[in-house]
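**Q** Sequence first, predicted model second:
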Amino acid sequence: MSDTEKQSLRLNCDLGESFGPWQMGDDDRIMPFVDMASVACGFHAGDPLVIQRAIRFSKVHGVGLGAHPAYPDLQGFGRRSMQLSRSELIAMLHYQVAALDGMAACQDVSLQYIKPHGALYNDMMRDEAILLSVLQAVADYHRPLPLVVQATEQWQHHQSLAQPLGVMLWFEAFADRRYGDDGRLLPRHQPGAVLGIEQMLGQVQQLMTTQTITSLSGRTLHVKADTLCVHGDNDDAIAGVKAIRELLASS
């Protein structure tokens, strides 16, 4: 990988996920270290004040703002799959993205991308019919926005699905999650699914150096990544983001 390619790997974090008195993450401390902020749209987390504040922080720190829509599942933090029709899913995505887009416009901030959250993200990477519905929702939005999808060994196939609809894909690898042999993320309830800081840094270094990730059983997965995600909903988030930022800067 060339130096130019290394520098193009953008660090993103899922933010704006507090709700009322319930606090998740530490947006104001993480925001200065990331390039992209995927902000919850109210269906799995985030309320109007939290969303407004996250948008303001993104503007102050010059961070690209993304919509982070999910299944309507506040109790389960959007981590439970739901059976929705194609029309329901498309309408649900438009509703959430438009809400964040409109709130951002009130602060003179332009929404830059869409990244589904949790179970919806996992479902679209597992089920092509759901992915096609998500792609159609993005294609039908009133202005072009890239869609963030997981970087897998099937990235060219995913790109072939998006191109006829005119949707740009940004491929995402995960710094803090363990991969299975199939290239999908291990379920969070499985031991070892969430990586500690040292493991996280090792995975990032491998990705930067070889464009590969090693699965739980030792299989080498070749991935094309444009952006790197660190989740903001765990205790190591701030330290991890800072360490990865230093690693990216030193490459």
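**A** All right, it came through fine. Residues are numbered from 1 along each chain as shown.

**Q** And the pLDDT at the residue most central in space within the chain?
**A** With distances taken as Cα atoms, centre = their mean, the residue of the chain nearest its centroid is K115 (5.1 Å). With respect to pLDDT, K115 has a value of 98.

**Q** and it, what does it touch?
**A** K115 makes contacts with 12, 14, 38, 66-68, 121, 147-148, 172, as judged by Cβ atoms under 8 Å, 6 or more residues apart in numbering. To be clear about C-beta, it is placed using only N, CA and C from the backbone, and glycine gets the same treatment.

**Q** Can you tell me which of these end up in helices?
**A** Y121 (DSSP state H).

**Q** What is the most widely separated pair among the contacts of K115?
**A** D14 and L147 (15.4 Å; Cβ to Cβ).

**Q** Give me the phi and psi for the closest residue in space to V60 that isn't next to it in sequence.
**A** Spatially, and ignoring its direct neighbours in sequence, V60 is nearest to M31 (7.7 Å; Cβ to Cβ, 6 or more residues apart in numbering). Per-residue torsions, M31: phi -50, psi -40 (degrees, to the nearest 10).

**Q** Give me the buried subset of the contacts of K115.
**A** 12, 14, 38, 66-68, 121, 147-148, 172 (16 or more other Cβ atoms under 10 Å).

**Q** What's the mean pLDDT across stretch 28-39?
**A** Stretch 28-39 shows a mean pLDDT of 94.

**Q** if we can go back for a sec, and the buried ones among the contacts of K115, which is closest to H157?
**A** Nearest to H157, judged by Cβ to Cβ, of the buried ones among the contacts of K115 is L147 at 14.8 Å.

**Q** so which helix or strand takes in the closest residue to the closest one other than its chain neighbours?
**A** In space, and not counting its chain neighbours, L147 is closest to V138: 4.8 Å by Cβ to Cβ, 6+ apart. V138 is part of helix 128-140 when elements are defined by DSSP states H and E.

**Q** by contact count, what packs against that helix?
**A** Helix 128-140 sits against helix 86-106, helix 118-126, strand 147-150, helix 155-162, with contacts defined as 3 or more Cβ pairs under 8 Å, 6 or more residues apart in numbering; DSSP states H and E.

**Q** Out of these, indicate the one that is most buried.
**A** strand 147-150 (a mean of 23; mean count of other Cβ atoms under 10 Å).

**Q** Show me what the nearest residue to the residue nearest to the centre of the chain once chain neighbours are set aside is bridged to.
**A** Distances taken as Cβ to Cβ, 6+ apart put V148 closest to K115, at 3.7 Å, once the chain neighbours are dropped. V148 has the following beta-bridge partners by DSSP bridges: W170.

**Q** For V148, give me the pLDDT.
**A** V148 carries a pLDDT value of 98.

**Q** Same question for the one 10 residues further on.
**A** Per-residue confidence at H158 stands at 97 (pLDDT).

**Q** Confirm for me that it is in contact with V134.
**A** No. Under the criterion of Cβ atoms under 8 Å, H158 is not in contact with V134, lying 11.0 Å apart.

**Q** follow-up on the earlier one: who are the neighbours in contact with the residue nearest to V60?
**A** M31 neighbours (Cβ under 8 Å, 6+ apart): 15, 37, 57-58, 60-61, 63.
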